[in-house]
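S.K.: Got a sequence here, can you model it:
(one chain, ligands or ions: 2)
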Amino acid sequence: MAALNRIQKIASHLDPPKPNKFKVALLGAAGGIGQPLSMLLKMSAYVSDLALYDVANTPGVAADVSHMSTGARVKGYLGAEQLPAALAGANLVVIPAGVPRKPGMTRDDLFNINAGIVKGLIEAIAAHCPTAWVAIISNPVNSTVPIAAEVLQRAGVLDPKRLFGVTTLDVVRAEAFVGELLGVDPRDVSVPVVGGHAGITILPLLSQARPPLPASVSPEQRKALMARIQDAGTEVVQAKAGTGSATLSMAYAAARFADSCLRAMSGEGPVTEYAYVRSEAVAGLPYFSSPLRLGKGGVEEVLPLGAMDELEAANFEAMKAELMGSINKGVEFVAKGPAPK
Ligand SMILES: NC(=O)C1=CN([C@@H]2O[C@H](COP(=O)(O)OP(=O)(O)OC[C@H]3O[C@@H](n4cnc5c(N)ncnc54)[C@H](O)[C@@H]3O)[C@@H](O)[C@H]2O)C=CC1
Ligand SMILES: O=C([O-])CC(=O)C(=O)O
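M.R.: Ligands and ions are numbered 1, 2, ... in the order given. Reported below is the predicted structural model:
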């Protein structure tokens, strides 16, 4: 029996199971996030076709990435007239298109420019790949996801199971910072981060961290850690001093999220991920970032948030008004726009 197991193990190593392959379209592919994310997606075993779309510079990015000796076929698409071809047949569309923050700005300050960019791109998705899964990175995520949902709903193709605001970077940061504090490898750390993606709407549930924070971590240290995770985007914006916001860690986080989506699409479930989705199931708000069980058709279940300690419960209550305001702002932006054609 042991010998048979060994032979099977060697055989599976020689001929590992081939994952299903998918077309991924990246909109905003030539930007600070888009370029490293293009590279990471080109390395994914799940990607057969990588469509790199932007309004500038995609020929260069596509030529560069296409020289990597990995499986995915790469094609660059430049300008609005090439967007339909970029989207045709896409299984997953990832959107980091839009402007980033400069020091002193909030994510909401990006609304005026990015709301219109996201609306236009989602209209194209509704027309050219209405069944694709859509992962939105463009800020303010708390508003851009409701914008996307309203646009898809107006076009009659909304399936909330397939629309995600990418909050993986908050989870990644929590893992990194807790790992640093505990002196353990961040890959062995798990920390739920729920809510939204701006300031106090980012709610790390440190009381559920694994490994748990020891009693030697004081309430003040816990509070400081929570604040650092909530303000980590601003930490990067300040360190970059006017040249942009998080791009490399975001590309890592988005590649991780994309791989989870593609694994779930492949039927390799169940896959658990955090993302900002339309669902009142756990928080009583129309959109909330929650742990999700993903399957072939998208979100199969919005999982419960679990127990919160006193500090987390207070933060949960405190965020609700801000999050609701950002959601309404997105919904109203679409409602005030021209009626769909
Ligand atoms: N969800 C999250 O955790 C995070 C979100 N972000 C957000 O991601 C967005 C992008 O950030 P960066 O890549 O650093 O910005 P960037 O300015 O470096 O790149 C944005 C790219 O979008 C492109 N673009 C603009 N309008 C477009 C359109 N209509 N169609 C296609 N492409 C278009 C630009 O040409 C540019 O290449 C920002 O809104 C930023 O706030 C950034 C970090 C984390
Ligand atoms: O802070 C920003 O503007 C970009 C972002 O969302 C993040 O790094 O979490």
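
S.K.: Okay, strands next: where are they in the stretch 1-150 of the chain?
M.R.: Taking DSSP state E, counting those that start in this stretch as the criterion, the stretch 1-150 of the chain contains strands spanning 22-27, 47-54, 73-78, 92-95, 133-136.

S.K.: Hmm, I typed the wrong one, I wanted the stretch 201-341 of the chain.
M.R.: Going by DSSP E, counting those that start in this stretch, the stretch 201-341 of the chain shows strands at 202-204, 271-278, 287-295, 298-302.

S.K.: so which of the strands of the stretch 1-150 of the chain comes closest to ligand 2?
M.R.: strand 133-136 (11.5 Å; C-beta to the nearest ligand atom). C-beta coordinates here come from the backbone N, C-alpha and C atoms, glycine included.

S.K.: Tell me which strands the closest one pairs with, and in which orientation.
M.R.: Next to strand 133-136 in the sheet, as set by DSSP bridges, lie strand 92-95 (parallel), strand 163-165 (parallel).

S.K.: can you tell me if the last one touches ligand 2.
M.R.: No: applying C-beta under 6 Å from any ligand atom, one finds strand 163-165 out of contact with ligand 2, separated by at least 10.6 Å.

S.K.: just to revisit the earlier point, give me whichever of the strands of the stretch 201-341 of the chain is most buried.
M.R.: Highest mean neighbour count of the strands of the stretch 201-341 of the chain: strand 202-204, a mean of 27 (counted as mean count of other C-beta atoms under 10 Å).

S.K.: Not counting that strand itself, show me its contacts.
M.R.: Strand 202-204 is contacted by residues 167, 170, 174, 191-196, 225-226, 229-230, 312, 315-316, 319 when judged by C-beta atoms under 8 Å, 6 or more residues apart in numbering.

S.K.: Pull up the residues of this structure that are close to ligand 2.
M.R.: 100-101, 107, 139, 169, 233-234, 236-237, 245-246.

S.K.: let's see it at 8 Å
M.R.: Proximity of the chain to ligand 2, by C-beta under 8 Å from any ligand atom, involves residues 100-101, 105, 107, 110, 139, 141, 169-170, 173, 197-198, 232-234, 236-237, 245-246, 249-250.

S.K.: What's the PyMOL line that selects buried ones from the residues you listed?
M.R.: Those of the residues of the chain next to ligand 2 that count as buried under 16 or more other C-beta atoms under 10 Å are selected in PyMOL with:
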select buried, resi 100+101+107+110+139+141+169+170+173+197+198+232+233+234+236+237+245+246+249+250
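
S.K.: which ones among the residues of the chain next to ligand 2 are found in helices?
M.R.: Of the residues of the chain next to ligand 2, the ones assigned to helices by DSSP state H are 141, 169-170, 173, 232-234, 236-237, 249-250.
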